[in-house]
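[1] Any chance you can model this:
(chains A and B)
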Amino acid sequence: GAVVSQHPSWVICKSGTSVKIECRSLDFQATTMFWYRQFPKQSLMLMATSNEGSKATYEQGVEKDKFLINHASLTLSTLTVTSAHPEDSSFYICSAKLQGANTEAFFGQGTRLTVV
Amino acid sequence: GNSVTQMEGPVTLSEEAFLTINCTYTATGYPSLFWYVQYPGEGLQLLLKATKADDKGSNKGFEATYRKETTSFHLEKGSVQVSDSAVYFCALSSSNTGKLIFGQGTTLQVKP
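    As a prediction, this is how the structure comes out:
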């Protein structure tokens, strides 16, 4: 199957700093990528849909100025957590979808963010 | 709105036991249904899927049948292994956008 790679796998940062997470589709082009957040022992919550060459679509309750998403190419989307705070600590997962109807979405391995 | 409800875990079974993880959904139209598995510290992997009513998805001994009449997509496996220990997520996609709505996840622990 297609491969989606996230980097870094884990990161620790200080409160007030910004952190960038990369999501790459390694062997296919993804016009659409998705960013999810997973709290411990809970489900994945969709944060935003990232569209190549256009602005991301954020889900209700997600601060777009807090979680900046850039999808500059067909193989790369980035999520930047700005002015991070301890409550932003979480597991962030991206997915990328093959073009076409009813095609599968492939997930990255996730990024564990800890804000201290 | 669309939603997915899974049975609460954790589910603890002995090796070779029969597994059922219940999943029901609420959706408008005709969603596609998925089961994903998440091993510790890893991202999600698609386990199986079904795109229309009465379809049966199957993979690695796991099966699930899309039941429109009961709005269910229960996951089953006849004989679990220790290596099946993971968190299992039921999910639906109600459009062609690829946006997935997940259930809360069910942790499965299989003991030797």
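
[2] How about A:S50: which residues does it bridge to?
    According to DSSP bridges, the partner residues bridging A:S50 are A:M33.

[3] from memory it sits against A:A72, does it?
    No. The pair A:S50 and A:A72 fails to qualify as a contact (Cβ atoms under 8 Å) at a distance of 10.1 Å. For every residue, glycine as well, the C-beta is placed using N, CA and C.

[4] Neighbour count for the two, which is higher?
    Higher neighbour count among A:S50 and A:A72: A:S50, with 26 against 10, using other Cβ atoms under 10 Å in any protein chain shown.

[5] Which positions in chain B make contact with chain A?
    B:32, B:36, B:41-46, B:49, B:51, B:89, B:96-105, B:107 (Cβ under 8 Å from any Cβ of the partner chain).

[6] when you check those against the strands, which ones overlap?
    Counted as lying in strands by DSSP state E, out of the residues of chain B next to chain A, are B:32, B:36, B:44-46, B:49, B:89, B:101-102, B:107.

[7] Show me which of the residues you listed are buried.
    B:32, B:36, B:44-46, B:49, B:89, B:101-102, B:107 (16 or more other Cβ atoms under 10 Å in any protein chain shown).

[8] Distance of the residue of chain A found nearest chain B relative to A:K64?
    Closest residue of chain A to chain B, Cβ to the nearest Cβ: A:K97 (3.6 Å). With distances taken as Cβ to Cβ, to the nearest Å, A:K97 is found 21 Å from A:K64.
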